[in-house]
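Novice: here are the coordinates; sequence isn't available:
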């Protein structure tokens with residue numbers, strides 16, 4: 001018999017020592033129960049309106065595509081606006097749109113096209129709030145409790161997944177197809193009230209104005225491009241969700257056409273996935289300590305492959321329920337590990353945008369995968385599509401093994417504030433630029449190879465923090481003399497770059513400067529003398 005150690009239980013429960021986290025967690029669980037009732041009702045409703053496997057899979061596409069399309073702009077907003085107020089507006093919008101959807105179903109005015117349209121609209125609102133929800137977790141708990149808070153949020157989602165689908169399927173059969181949609185609309189009231197009650201901690205004061213929306217998006221994308229820890233997470237994310245999307249997209253067809261049953265069993269299958277994920281969450285800490293994040297995601301991928309294959313062969317409820325149990329524990333192991341890896345790979349100033357990139361990639365893989373497996377099921381048959389997805393989930397494990405997930409143990413993204421503001425003799429307009437920064441090094445020529453290897457790391461670091469170009473130059477007439485250069489768009493962006501330097505960046509710079517002979521390297525800030533850039 002497997003038991004949870006006291007230490008594992010304490011780790012999992014640590015975020016609940018913080019009142020704000022507990023209140024918002026409970027409210028979101030209730031809201032997510034309504035969301036899962038809505039999901040099971042909409043999926044089952046589509047099988048009634050049009051049982052074609054591709055059309056049914058389009059419900060999953062409509063639910064996941066907005067995350068792919070809008071998460072990055074939403075992430076930029078999450079970093080430059082008041083997140084609490086933004087979430088209140090977003091959750092209120094979701095409640096209104098869902099209520100309108102419920103009214104259409106109630107009056108029998110729904111069609112396949114309208115179902116997909118409203119599913120898309122609700123998901124757009126969810127996509128706009130997703131990065132803010134992701135980044136706000138770090139404000140509800142201190143940093144040591146962040147991994148446990150991420151895991152607890154996954155537990156909350158899966159508690160709702162365990163209750164919502166089964167409850168939704170039962171309500172559809174006992175009351176009406178419209179009832180789950182109405183309940184979903186009202187379930188958001190608790191979240192809105194919790195957000196109104198909560199007071200977020202005040203951000204560290206800065207004299208710099210907020211970033212413009214377009215610039216914030218460009219900066220976020222640039223940061224994601226040059227952050228090796230986040231890129232690794234994104235590779236593993238695509239590998240898992242592209243194939244894991246298959247059973248989510250096709251489960252309504254498995255229940256209705258392959259097992260030939262009603263909405264109650266469909267709800268039970270989804271509920272079993274959720275219940276299994278909740279149970280698996282209590283083992284996550286022990287499994288991560290024993291296996292490590294990378295091996296745990298690999299094991300979760302194998303579990304997902306097995307579950308998908310069982311769904312392909314399921315002609316009896318018992319087989320499908322077994323597959324659901326395996327799928328649930330595999331899902332939370334992968335999602336929690338990938339989410340933590342994304343969270344700890346990002347500093348506070350770009351957390352919303354970085355997590356938006358993660359969410360975009362995750363839901364992009366879900367969207368593309370759902371469309372692919374739905375089309376394959378329509379062309380080759382449901383079992384063939386699911387078996388191909390299972391094979392793919394297993395094959396990508398060795399192909400992606402060299403990309404290692406981040407655990408936060410070897411990085412410190414807290415601001416180092418090691419760069420003092422540049423000294424100027426006159427006032428400089430914020431939009432003036434570009435700005436050229438040069439750093440002069442004098443090294444022993446015999447250290448040239450090691451120096452270049454160390455300073456090469458500065459390229460990604462400078463670009464992550466705001467530079468659009470970087471270079472290292474040497475003087476052929478003066479052996480051992482090197483000049484590092486970086487360019488930023490404007491004086492204001494250069495000042496922001498000073499505030500973005502982290503303690504991990506400082507360690508990298510110290511590794512470079514140990515090669516320098518003499519006092520500290522000479523740093524020069526040069527600004528364009530011509531305002532006309534044409």
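Specialist: Here it is on my side, so go on. A quick note: this is a predicted structure, and the numbers were derived from the prediction, not measured. Numbers count the residues shown, from 1 in each chain.
Novice: how about the strands in the protein?
Specialist: 435-442, 469-474, 481-488, 522-527 (DSSP state E).
Novice: in the chain, where is pLDDT below threshold?
Specialist: Applying pLDDT under 70 to the chain flags residues 1-12, 173, 201-208, 262, 408-410, 415-420, 531-534.
Novice: follow-up on the earlier one: so for residue 180, which of the strands of the chain sits nearest?
Specialist: For the strands of the chain, the distance to residue 180 is smallest for strand 481-488, at 51.5 Å, taking CB to CB. The way it works is simple: take the backbone N, C-alpha and C, and place the C-beta from them, glycine included.
Novice: the closest one - which strands sit beside it in the sheet, and in what orientation?
Specialist: strand 435-442 (antiparallel), strand 469-474 (antiparallel) (DSSP bridges).
Novice: distance from the last one to the middle of the chain?
Specialist: Right, strand 469-474. Strand 469-474 has its C-alpha centroid displaced from the chain centroid by 34 Å (CA atoms, centre = their mean, to the nearest Å).
Novice: what residues does it touch?
Specialist: 452, 455-456, 458-459, 462-463, 481-487 (CB atoms under 8 Å, 6 or more residues apart in numbering).
Novice: quick revisit: buried deepest among the strands paired with strand 481-488, which one?
Specialist: strand 435-442 (a mean of 18; mean count of other CB atoms under 10 Å).
Novice: what's the angle from that one to strand 522-527?
Specialist: 160 degrees (axes from the mean of the first three to the mean of the last three CA atoms, to 10 degrees).
Novice: so can I have JSON lines of the strands of the chain showing distance to residue 164?
Specialist: Shown next, in JSON lines, are these (distance: least, CB to CB, whole Å):
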{"stretch": "strand 435-442", "distance to residue 164": "52"}
{"stretch": "strand 469-474", "distance to residue 164": "49"}
{"stretch": "strand 481-488", "distance to residue 164": "48"}
{"stretch": "strand 522-527", "distance to residue 164": "56"}
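Novice: would you mind saying which of the ones you listed lies nearest residue 497?
Specialist: Using CB to CB, the strands of the chain put strand 481-488 closest to residue 497, at 6.0 Å.
Novice: rewinding a little: out of the strands of the chain, flag the one nearest residue 282.
Specialist: Among those, strand 469-474 sits nearest to residue 282 (CB to CB), with 46.4 Å.
Novice: quick one: which of the strands of the chain is nearest residue 388?
Specialist: Using CB to CB, the strands of the chain put strand 469-474 closest to residue 388, at 43.7 Å.
Novice: just the helices in the stretch 351-500 of the chain please.
Specialist: Under the criterion DSSP state H, counting those that start in this stretch, the stretch 351-500 of the chain contains helices at 351-380, 382-399, 448-455, 457-465, 491-500.
Novice: let me have these in TSV, extended by distance to residue 332 and mean neighbour count.
Specialist: Below are the helices of the stretch 351-500 of the chain laid out as TSV (distance: least, CB to CB, whole Å; neighbours: other CB atoms under 10 Å):
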stretch	distance to residue 332	mean neighbour count
helix 351-380	14	24
helix 382-399	16	19
helix 448-455	40	16
helix 457-465	31	20
helix 491-500	33	21
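Novice: which residue packs closest to residue 355, ignoring adjacent ones?
Specialist: Distance criterion CB to CB, 6 or more residues apart in numbering; nearest residue to residue 355, sequence neighbours excluded, is residue 134 at 4.1 Å.
Novice: who touches the one you found in this structure?
Specialist: Contacts of residue 134 (CB under 8 Å, 6+ apart): 339, 343, 351-352, 355, 358-359.
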